[in-house]
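Trainee: Here you go, sequence then predicted model.
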Amino acid sequence: MAPPNESKPTPKVAAAAPKLTTTGSTAVASKAATPLSSAPPCLFSLRDGALTVGGGTGEAAAVALLTVVPGNVTLIPFAEAFDSTTKASSDAPEELASQAAANASRGAFLGFTLPSPASRAPCRVGRLPGPRRFLSVFRFKTWWSTAWAGRRGRDLQMETQWVLLEVPELAGAGAGYVFVLPLVQGSFRSAVFPGEDDGVVVCAESGSAAVTGTDFRRIAYVHAGDDPYRVMQEAYLAARVHLGTFRLIQEKALPPMADRFGWCMWDAFYLTVDPAGVWQGVSEFADAGVPPRFLIIDDGWQSVNRDDDPPQEDARGLVLGGDQMTARLYRFDEFARFRGYREGALIRRPPPGVLR
């Protein structure tokens with residue numbers, strides 16, 4: 001588990017962070033930035049050691065999402081970050097940029113600063129008091145994620161990719177759900193971790209001791225709304241407009257191969273895929289009159305090993321749900337059983353049971 005930072009909660013409102021403009025994925029301080037003048041007040045607030053949502057309009061009181069928030073934790077309303085200069089420099093289509101601007105008051109960047117540079121920066125951003133139901137997705141293997149639900153900070157899992165919090169106190173008041181989305185900032189990725197005493201930890205890391213940083217004020221994004229599906233859509237829209245490193249599904253064209261029948265052999269072979277098995281499967285499809293037009297060879301074809309294996313040597317005896325969880329790709333090459341295959345070998349001598 002990522003260790004929390006030792007900063008203490010601040011009893012007063014922290015000094016306002018300088019406004020930021022974005023070029024690509026790198027945040028740059030700018031005094032000339034002007035917030036969106038038409039945006040209503042942000043639904044999120046950080047003061048007196050608490051991150052709250054709601055309470056800006058109507059009769060519903062603000063609800064504390066995180067308490068005991070350290071003084072180095074920051075909150076930048078999206079309306080401040082997404083100013084006219086940023087909007088003009090974004091590569092997002094005008095329609096998407098306008099949609100993000102229209103929802104600016106619903107979101108904010110949650111982050112933190114450090115006193116000294118670090119390549120891996122776990123920061124406790126507060127305590128999640130419960131019970132408060134949440135749905136999340138966390139990475140439980142190097143390459144796989146799955147869903148997880150809970151009610152308190154202690155229920156969070158390592159390497160959580162996003163969290164959807166239920167806020168029934170504000171249902172119908174525009175903030176019945178809050179979405180927390182870890183982001184990439186510059187050369188740093190981030191994820192949510194559990195902390196002690198129901199703590200929530202946001203960890204930023206570059207993956208290289210040579211790449212360090214102290215300013216992570218845009219390392220996560222929070223967004224509120226009454227419709228959980230729309231909340232997630234609007235949050236990803238804001239991230240897309242802000243980062244400019246990916247496109248949303250509505251911006252993408254469906255590839256022609258989607259109209260073709262294909263075969264992914266993961267469920268058929270798991271980690272035991274080999275050339276003979278591929279041949280056998282394709283032959284059975286063809287014999288049934290539904291020949292696949294493309295194949296996804298998955299899994300077990302890559303050159304992988306563990307940190308304690310001999311360098312440049314494929315790991316042996318990996319089993320599903322076991323040792324393969326700690327193996328990693330060490331070169332862009334096929335596994336030994338594929339490297340040993342020679343073109344035409346299966347045509348000249350089909351596997352047993354395959355008649356050609």
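Mentor: Done, it's in. Residues are numbered from 1 along each chain as shown.
Trainee: element containing the most centrally placed residue in the chain?
Mentor: The C-alpha lying nearest the average C-alpha coordinate of the chain belongs to residue 161 (C-alpha atoms, centre = their mean; 4.1 Å). Of the helices and strands defined by DSSP states H and E, residue 161 is found in strand 160-166.
Trainee: residues in contact with that strand?
Mentor: Contacts of strand 160-166 with the rest of the structure, by C-beta atoms under 8 Å, 6 or more residues apart in numbering, involve 65, 132-139, 145, 148, 156, 176-182, 191-193, 228, 231-232. Heads up, the C-betas are built off the backbone N, CA and C, glycines and all.
Trainee: try stretch 132-150
Mentor: Among residues not part of stretch 132-150, those counted as contacts by C-beta under 8 Å, 6+ apart are 65, 151-152, 155-167, 191-192, 325-328.
Trainee: For residue 114, which non-adjacent residue is spatially closest?
Mentor: Counting by C-beta to C-beta, 6 or more residues apart in numbering, the nearest residue to residue 114 once its immediate chain neighbours are dropped is residue 214, at 4.5 Å.
Trainee: Which stretches in the stretch 51-200 of the chain count as helices?
Mentor: Read by DSSP state H, counting those that start in this stretch, the stretch 51-200 of the chain holds these helices, from start to end of the chain: 78-81, 84-89, 94-102.
Trainee: buried stuff in the strand holding residue 161?
Mentor: By neighbour count with 16 or more other C-beta atoms under 10 Å, strand 160-166 contains the buried residues 160, 162-166.
Trainee: again with stretch 98-117
Mentor: Taking 16+ other C-beta under 10 Å as the neighbour-count basis, stretch 98-117 is seen to contain the buried residues 99-101, 103-114.
Trainee: Tally up the residues packed near residue 61, please.
Mentor: Look at residue 61: counted by other C-beta atoms under 10 Å, it has 11 neighbours.
Trainee: Roughly how far does it sit from residue 260?
Mentor: Counting by C-beta to C-beta, to the nearest Å, the separation of residue 61 from residue 260 is 55 Å.
Trainee: same question, residue 235
Mentor: Following C-beta to C-beta, the distance that separates residue 235 from residue 260 is 33 Å.
Trainee: Which other helices and strands does the longest helix along the chain contact?
Mentor: In the chain, ranked by residue count with DSSP state H as the criterion, the top helix is helix 228-243. Taking 3 or more C-beta pairs under 8 Å, 6 or more residues apart in numbering; DSSP states H and E as contact, the helices and strands that helix 228-243 lies on are helix 94-102, strand 107-118, strand 160-166, strand 177-182, strand 213-225.
Trainee: follow-up on the earlier one: kindly supply the PyMOL command isolating those of the contacts of strand 160-166 that are buried.
Mentor: The following PyMOL selection, which keeps only the buried ones among those, applies the criterion 16+ other C-beta under 10 Å:
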select buried, resi 65+132+134+135+136+137+138+148+156+176+177+178+179+180+181+182+191+192+193+228+231+232
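Trainee: what about this structure, any weak spots by pLDDT?
Mentor: Per-residue confidence of the chain (counting by pLDDT under 70) places the weak regions at 1-39, 56-59, 83-89, 299-302, 315-342, 344-347, 349-356.
Trainee: number of nearby residues for residue 259?
Mentor: Residue 259 has 8 neighbouring residues, counting by other C-beta under 10 Å.
Trainee: do residue 48 as well
Mentor: Close neighbours of residue 48, defined as other C-beta under 10 Å, add up to 14.
Trainee: give me the number of residues near the residue nearest to residue 191 when sequence neighbours are not counted?
Mentor: Using C-beta to C-beta, 6+ apart and skipping the chain neighbours, the partner closest in space to residue 191 is residue 159 (4.8 Å). As a burial measure, the neighbour count of residue 159 was computed by other C-beta under 10 Å and equals 17.
Trainee: where does the closest residue to residue 194 other than its chain neighbours fall, phi/psi-wise?
Mentor: Spatial nearest neighbour of residue 194, chain neighbours left out: residue 156 (4.1 Å); criterion: C-beta to C-beta, 6+ apart. Recorded main-chain torsions at residue 156 are phi -60, psi 150, according to degrees, to the nearest 10.
Trainee: sorry, back to before: pull the most distant pair out of the buried residues of strand 160-166.
Mentor: Taking C-beta to C-beta as the measure, the buried residues of strand 160-166 reach their widest spread between 160 and 166, a distance of 16.1 Å.
Trainee: List the contacts of the residue nearest to residue 194.
Mentor: With contact taken as C-beta under 8 Å, 6+ apart, residue 156 is in contact with 128, 136, 138, 148, 150, 163, 192-194, 200.
Trainee: Let me know the closest of the residues you listed to residue 277.
Mentor: Nearest to residue 277 among the contacts of residue 156 is residue 138, at 31.9 Å by C-beta to C-beta.
Trainee: Show me what the closest one is bridged to.
Mentor: Residue 138 has these beta-bridge partners by DSSP bridges: residue 146, residue 160.
Trainee: Okay, domains of this protein per the record?
Mentor: Here the chain is described, according to automatic domain parsing, as comprising the domains 20-251, 256-348.
Trainee: Tell me which of these is the most buried.
Mentor: domain 20-251 (a mean of 18; mean count of other C-beta atoms under 10 Å).
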